[in-house]
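1. Coordinates for the following, if possible.
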Amino acid sequence: MSYADVADHHSMVFDETRNRAYAAAIERVITPDSVVLDLGCGLGIHGLVAARAGARKVYFVDPEVVVHSALEVAQRNGLGDRVQAFQGRIEDIELPEKVDVIVSVFTGNMLYMEDLLPSLFRARDRWLKPGGVLIPDAAQLVVAPAEAIGFHDEWIGAWSRPHLGFDFSHLRRFAANRFLAGSREQSSAWPLLAPPEVLAEADLRTASDTVLDHQAAFGIDRAGSCSGVLGWIRLHLGDAWIGTGPQDPPLHWTPQLMPLDPPWPVQAGDRLDFALRRPPWGDWTWTLGNGSRSQRHSTFLGQALRASDLRSMALDHRPRRNEQGEVLAHALALMDGSRTRADIAALLREHHPRRFADAREAQSFVDAIARNHGC
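-> Presented below is the predicted three-dimensional model:
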């Protein structure tokens, strides 16, 4: 997921509930000697709070260009002398000193969804002083079976109904093997069929991996139709917890429904077994069991893959560059500091005439490559 544009940060900058909770945790630990790393700072709202609270120095770090906009905000608010900005991955950046506090928002909607926690762990191990503070310092993934009849029908059941006389029903399986995020109003109205369970906990002060392989057993306490399992996160900030559960105050993160298709009728007193697995940077697999019934879903199965796609995923596959790869490799080779963007675009059009319809398309291609891979 990219956060390259300033407008992409609207929901985070103006998340009143989340930011006030972060601010309280930050202000609780800041002293005039504090050095703070705002990791993945975006527009720097949490680092700005630390600077305003009196921190000696705040380092903004973000791979996107918006980190410079964050610095502009600091300067316009009279905090520029306390803030220094670095664009890049924390793995590639050399900070001037170690820090007393690391503030991050690396948990995503399902704790491990965006694979950002490994960067937090590396930052912690390299840059946090002994006895330093992480905000947040712990996180939980919470799950509960839910009844979302109308929502399930809208996003999954609809595939089984002809549209304009055409049958799309064989594609229903793709919709049933992906996470579904309803609006805040929708998810808060879905009845939970059993009390929530903490499926996974991460002590961010000591954790070193993001392998998810956990099980939960639910005791159904009301009859209904199980549409799937709802998952959400809780974060420990200072001495308080915030979360994205259906009854929590709204946050920009959202709970996710792991669907069960078809839904199962359940009765009070039933036992529902649930397992969730996900390797780092991998696909999510969830399995539900109820007596003799068992059903497995996976985001891997939510992809429309051909046999050739599956063969290319094998570890012993020996990939070759396709035509697009050849053009990309040629573009990168031409970016040796001796040519302008216009020169590179002209050369690419000359050597790859089938790839580019006109000069404007070639120039747009080069501009994107230069932004992402040039300096």
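2. ok, and for the longest strand belonging to the chain, which residues are buried?
-> Longest strand in the chain, counting residues (DSSP state E): strand 224-237. Using 16 or more other C-beta atoms under 10 Å as the test for burial, strand 224-237 gives 224-237. Where C-beta positions appear, they are placed from N, C-alpha and C, glycine not excepted.
3. what about the next helix or strand after it, distance to the chain center?
-> Using DSSP states H and E, the helix or strand that follows strand 224-237 in sequence is strand 240-243. From the chain centre to the centre of strand 240-243 is a distance of 19 Å (C-alpha atoms, centre = their mean, to the nearest Å).
4. what's in contact with strand 240-243?
-> Contact with strand 240-243 is made by 17-18, 21, 24-25, 142, 232-235, 248-249, 251, as judged by C-beta atoms under 8 Å, 6 or more residues apart in numbering.
5. What's the first helix or strand after that strand?
-> strand 256-266.
6. Give me the mean pLDDT for that following strand.
-> Strand 256-266 comes out with an average pLDDT of 97.
7. the strands in the stretch 51-200 of the chain, which residues?
-> For the stretch 51-200 of the chain, strands defined by DSSP state E, counting those that start in this stretch occupy the ranges 57-62, 83-87, 99-104, 128-135, 138-146, 197-203.
8. What pairs with the fourth one, parallel or antiparallel?
-> Put plainly, it is strand 128-135. strand 99-104 (parallel) (DSSP bridges).
9. How about the last one?
-> The sheet places strand 197-203 alongside strand 138-146 (antiparallel), with pairing taken from DSSP bridges.
10. Pull the strand it pairs with out as CSV, backbone CA atoms only.
-> Output of strand 138-146 as CSV, limited to C-alpha atoms (Å, rounded to 0.1, in the frame of the first residue of the first chain):
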residue,chain,number,x,y,z
ALA,A,138,1.9,-4.3,22.6
ALA,A,139,-0.9,-5.3,20.2
GLN,A,140,-3.6,-8.0,20.0
LEU,A,141,-5.6,-9.6,17.2
VAL,A,142,-9.1,-10.3,18.4
VAL,A,143,-11.7,-12.5,16.7
ALA,A,144,-15.3,-13.5,17.0
PRO,A,145,-17.9,-15.3,14.8
ALA,A,146,-20.4,-12.8,13.4
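11. Tell me the gap between that strand and the middle of its chain.
-> For strand 138-146, the distance to the chain centre is 16 Å (C-alpha atoms, centre = their mean).
12. Taking strand 224-237 as reference, get the angle to that strand.
-> Calculated by axes from the mean of the first three to the mean of the last three C-alpha atoms, to 10 degrees, strand 138-146 forms an angle of 170 degrees with strand 224-237.
13. before we move on, back to that, widest-spaced pair of the buried residues of strand 224-237?
-> Ser225 and Leu237 (36.0 Å; C-beta to C-beta).
14. pLDDT score assigned to the spatially most central residue of the chain?
-> The chain has Glu114 as the residue nearest its centroid, 3.0 Å off, counting by C-alpha atoms, centre = their mean. Glu114 carries a pLDDT value of 90.
15. okay, now the spatially closest residue to it that is not a sequence neighbour: neighbour count?
-> Spatial nearest neighbour of Glu114, chain neighbours left out: Gly108 (4.0 Å); criterion: C-beta to C-beta, 6 or more residues apart in numbering. Neighbourhood size, Gly108 [other C-beta atoms under 10 Å]: 16.
16. Got phi/psi on Gly108?
-> Dihedral pair for Gly108: phi 60, psi -170, per degrees, to the nearest 10.
17. Could you double-check that it sits in contact with Leu116?
-> Yes - counting by C-beta atoms under 8 Å, Gly108 does reach Leu116; the two are 6.7 Å apart.
18. Among the contacts of strand 240-243, which one sits closest to Asn177?
-> Trp232 (20.0 Å).
19. Could you look up the SS state of the nearest residue to Glu64 once chain neighbours are set aside?
-> The spatial neighbour of Glu64 that comes closest, neighbours along the chain excluded (C-beta to C-beta, 6+ apart), is Ala4 at 4.8 Å. Judged by DSSP: H, G, I helix; E, B strand; the rest coil, the three-state class of Ala4 is coil.
20. quick one: Ala4 from Asn177, how far?
-> Here the criterion is C-beta to C-beta, to the nearest Å. By it, Ala4 lies 29 Å from Asn177.
21. quick one: which of these two has more around it?
-> Just comparing Ala4 and Asn177: by other C-beta under 10 Å the higher neighbour count belongs to Asn177, 23 against 12.
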